[in-house]
Each structure stands twice: as structure tokens, then as C-alpha cells.
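Q: Turn this into a structure:
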Amino acid sequence: MDLEPLVHRAQAGDVKAFVELTRGYQHLAFGSALALVHDLQQAEDVVQESFLAAWSALPKLAEAAAFPAWLRGIVRHQAYRVLRRRHLEAAPLDDASEVASDAPAPDRRLEQRREAATALAAIAELPAPLREPASLYYVHECSHQDIALFLGIPATTVNNRLHRARSLLQQRIPTMSESTLRPHGLPDDFANRIGRLVATRSGLVEVMFDPAALPDLLSELLVSDEANKRTVSIQVVQRTGDGIVRGIATTEVDAVPRGATVLNTGQQTPTPIYQIGFERIAPLLAGTRATPAGEGRLIETGIKVIDVMCPLAAGGTVALAGEYGAGLTVVMEELVRRLSGGADPVSMFVLMPLFSPEWPGSIGLPFSVSGSLKKDGYSEGTVGALQTFFLRGQEEPWTAERLENFAAADVVIHLARDAAKAKIYPAVDLRNSCSRLLETAAVGDEHRAVAAQVRRVLAAALWNADDRPGDRLMAERARKLQNYFTQPFFVAEPYTRRPGTHVGFDEALRTCRDILEGRLDDIPVEAFYFAGGIEEIRKRGEASSSMPV
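A: Predicted coordinates:
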């Protein structure tokens, strides 16, 4: 590594140069931090804070050649801060069962921890002059020359200290080897986690990263606010291309200057959007594409339950919320497929369940999206006229009160696990789904009346178990409506073995009215299930009636 030119370029604001410096010194910094705090996780935190601080203070470094010792001083300062505020908090052992982990099997994890704890304890008991070079050497493959440069001592001194340290360590741990601690060091991609703040506006943030190392959607970023000696947490909601990601801040961030260091933690954000304020964030993200409710033109999706009961409008916004196991990503994919090719802009907010298993961090998109839609250009979260934002949802269950947090959207579509278990696909829960467009001039009087009557019939016959009328005919019509709103999706064809269907808005509205008014009473309930248009339903009914009893 050509140190001085890299330092000069980084001082001039070259993020890539600083990433190179980070890559070259991350393991040295980690070993130095570990020698002081004696805790693997806290050592990583110290290194992250140190590089954030180093980026902000780098223009003040007078001698580029002094960078290694200068960085070591920052690491030591951050480590001492950790030591001053360190305290232990006891927690019940039962709490461990609530912690999710992708780590190895429990027995192997326990063995690794014991090995690391034993090695750390042995290093911690070394004399002070030996402790830091031993940590630098055993945590990662730091050369003697690198250690000498970082500690500011001759290479011969490093050799002597490591020789003495090894002798003392082997007295306590006969099997001590260089590989004992290396699995517990910094991840190899640590240097690629550093980005640069590009713009902020009312809590909306844009950050530039290496296009080959973009943060995953819903991952957490940390912005260094050097002036206020703090970091600001950012939730990644969209990737716009060219190395730029958009995010929302959990606290005030507008005062942080452009060019500030941003660190990708590599972890999913734990902060649900309702704690940040959806009503404030949604208009900022939708931008000028948003159209006031009632002024937009209705968009036909071809999905019966959405077009009739939760209609969308051009320039409008839709919040798609779902419980784990309710098919959230499938419905999202289907909407993307149906809407992205049109000219009418729509902003869709996908509210992913907290710590959802549907969202593997390694690919940055829901598992299913990594297939068909990704190859169609959806890997950035937006394609065509549809822009999509991925937000961290909240703990289950979704209730009507919690869904009110998203009333700023023109349409709220809630997907319920109970509906999915009952084989209602798509699993739209009409009790908690709504469209404010049904209360405006954007829809006609007939549409408004049919949607309202559908809700009344479903509520009376299916939803309110304590007050169901004895009218068998009404209950049968309610089941027909419920079955009619099921539908094969195009994106699910490989799994359902059924071709996807598109049902026009006029036909969907007319069929619902005909069910309500009894004109389809002669068709059995089963014929309406998981079908497309009325012609398919009639053919099913005719086939059913012609079967011998």
C-alpha cells in the first residue's frame, strides 16, 4: 500500500482512497482494540467508531506518514471510552431462547466461545508491552513490519515481544495457535462498508457506496455526526442505482454535512417505521409523483379484490403490510409485474415484518424477488412507473390500531396469516384493508355502493361469529364473494401450476354485484374458488352440475 498518496487523496475527500486505508489497517486496529477491551464484539464497535472519527478528523492530520500511529491513538481513545462506560447487565437465562441467530450449532458455538475466551484471558494477563503486539498477531495475519509501523516501534522489538508473548501463552495454553482467534475478527468486507453522505432533506438521506458493495435493503447504516459527537442510525429503504442508496433517519440528521462518513453495519435495522413516523416520511419518499386523493385516475391491476375493494389511483400511494407467512412478497411481486409496465406512477411502501425470515440479508431482496423480477431490472427496488420503498414493519399481530399508523397512504392492503391458512390467496384481510379513494370522487357511485355492500355481507355472514344471521342464502353469497376474491397470480405459476389471470375492473365489479343480487345463486360456491373471470366460473359450475350424483 502506497500510504502517503492514499492519505492525501482521502484528505481531499476521496472515499475510495479512505476505503483502501481502512482495508489496510482494519485488522491492526481491531487487534489493538481487542488488547484493551478484551471483548470481541466491543472491539469491533471500537474499530467502527474509530474509522468514523478518523474520516472526520483526517483533514487535520499534518503528516501523512504518521497515519498509522495517529489511527492507533484514535483506536485507543475510543477503547478507553468503552472501558469508562462499561457495565454488566444481568439477564435471565430464559431470555436466550428469544434470540434468533444464524450462528453454527449450539455445541460448536459454545466450543468456539470457550476457545476464544481462553485465548483472550491468556492475552489479557500478558505484561502491558506484550499484550498489544500479541493481539495484533493472533487476531489476524498482521505482519511484524505492519505491527511495528502501527505501534511505532522497531521491527526487532516486535520480534522480541512476540517471542516472549508466545512463550508465556504456551505455558498457559499448550495448543495456542494463530488460528485460535482469527475466526472472531472483523469480516473481510469491512472496508467496503464505508460510504459517503450525499444529501439530506427532512430525515431523508442519500448515501454513496461502491456500486459493487451496496448495503442490503432494510439494513442499518450509521452516519458520523462529528460536531455533536454522535452517530445517527439510517434505515435503507431503496437503492436507486449508480451506488446511491436512500434511507430514513431515526433522529435529526439534516445538520450533518455532506461528505460525512457512513458505515454499513451489515445488520438489519431493528427500528419499526411507526417509531420514525410514516405520515412524515411517506410524502417525502413519494415526492412530486404523489397525487392528492380523489384527483387521480383509477388504475386497473386485474386483481379482483384490489380493484373492487382497495382501488389504486395514478400518482397515489399504497402501503402493503403483512404478517409472516401471509404471502407478502408474492403480492408485492404481482403488483410490480402488473404496474411497472404502465405509464401511471405509483409509490408502494412494503412494510416487512420485524426480523422477517422472508428477507435474507445476503441478497438484499425478498427471496422470490431474487429470481424473475431481479432479471427484469427490479434489483434496485424500482422499475418503470412504479417506485417501491421497503420499510421495517412492527411486531405482530397487526391490529386495526397499528395499521392506523399508515393512514397517510391512499391505500392500505393488509395480508393476514389466518387468511392464508384458510387457503384464501391472495390473503387480503378486508377488515383491516381500505382505500380512501372509495370516499372520494375518484370512484363512481356504483363502485362505492358495491364495495360497501360487500363489506356488510362479509361482516354479517363470516367475520362476526357471535352475530351471524340464520339466512343460509346470505351466508352462501358471502362465501362466494370470499372465494371470488381468490385468484391465480402470474408470479406464482411455477408453484400453483395454474396460469395467472387478469380480470378487468368492469367485469369484477359486475360479478360482485351479481353475487350480491342473487343472479349467480345457481352456481355452486366451489366454482368461484381460485378462478379468473366469470366465464371460467360458469364453466366450472356447468361441469359440476353435469356430474352424476
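Q: okay, now residue 214: neighbour count?
A: A total of 22 residues lie near residue 214 under the criterion other CB atoms under 10 Å. The way it works is simple: take the backbone N, C-alpha and C, and place the C-beta from them, glycine included.
Q: Quickly find the element holding the residue lying closest to it once chain neighbours are set aside.
A: Nearest non-adjacent residue to residue 214, counting by CB to CB, 6 or more residues apart in numbering: residue 239, 5.7 Å away. Element membership for residue 239 (DSSP states H and E) is strand 230-241.
Q: Quick one: list the elements packing against that strand.
A: strand 204-208, strand 219-225, strand 244-249, strand 386-392 (3 or more CB pairs under 8 Å, 6 or more residues apart in numbering; DSSP states H and E).
Q: Buried residues in that strand, which are they?
A: 231, 232, 233, 234, 235, 236, 237, 238, 239 (16 or more other CB atoms under 10 Å).
Q: Export those residues as CSV, with columns for distance to residue 6.
A: As requested, the buried residues of strand 230-241 are exported to CSV (distance: CB to CB, whole Å):
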residue, distance to residue 6
231, 25
232, 27
233, 29
234, 27
235, 32
236, 28
237, 33
238, 32
239, 28
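Q: Nearest to residue 41 among the residues you listed?
A: Lowest distance from residue 41 to those (CB to CB) belongs to residue 231, with 16.4 Å.
Q: Low-confidence stretches in the stretch 401-549 of the chain?
A: Regions of the stretch 401-549 of the chain meeting the criterion pLDDT under 70 cover residues 464-470, 546-549.
Q: let's see it at 80
A: The stretch 401-549 of the chain contains residues with pLDDT under 80 at 401-404, 462-470, 544-549.
Q: quick one, helices of it?
A: 417-421, 445-458, 472-484, 493-496, 505-516, 534-545 (DSSP state H, counting those that start in this stretch).
Q: helices and strands of this structure: which one bottoms out on pLDDT?
A: None of the helices or strands of the chain scores lower by mean pLDDT, DSSP states H and E than helix 372-375, at a mean of 47.
Q: which one of the helices and strands packed on strand 230-241 lies closest to residue 126?
A: The minimum distance between residue 126 and the helices and strands packed on strand 230-241 falls on strand 219-225, with 32.5 Å, by CB to CB.
Q: report the angle between the axes of the closest one and strand 386-392?
A: Relative orientation of strand 219-225 versus strand 386-392 (axes from the mean of the first three to the mean of the last three CA atoms, to 10 degrees): 80 degrees.
Q: For burial, what's the neighbour tally of residue 55?
A: Counted with other CB under 10 Å, the neighbours of residue 55 add up to 24.
Q: before we move on, the earlier item: which among the helices and strands packed on strand 230-241 is found nearest to residue 80?
A: strand 219-225 (18.8 Å).
Q: Next, the residues that contact the closest one from outside, please.
A: With contacts defined as CB atoms under 8 Å, 6 or more residues apart in numbering, strand 219-225 is touched by 48, 52-53, 55-56, 195, 197, 205, 207, 215, 231-236, 245, 247, 249, 253, 255-256, 260-271, 361, 364.
Q: all strands for the chain, in order.
A: Along the chain, counting by DSSP state E, strands occupy 194-201, 204-208, 219-225, 230-241, 244-249, 261-268, 298-299, 312-313, 317-322, 346-352, 382-383, 386-392, 411-415, 434-435.
Q: where among these is the average confidence lowest?
A: Looking over the strands of the chain, mean pLDDT reaches its minimum on strand 382-383, with a mean of 66.
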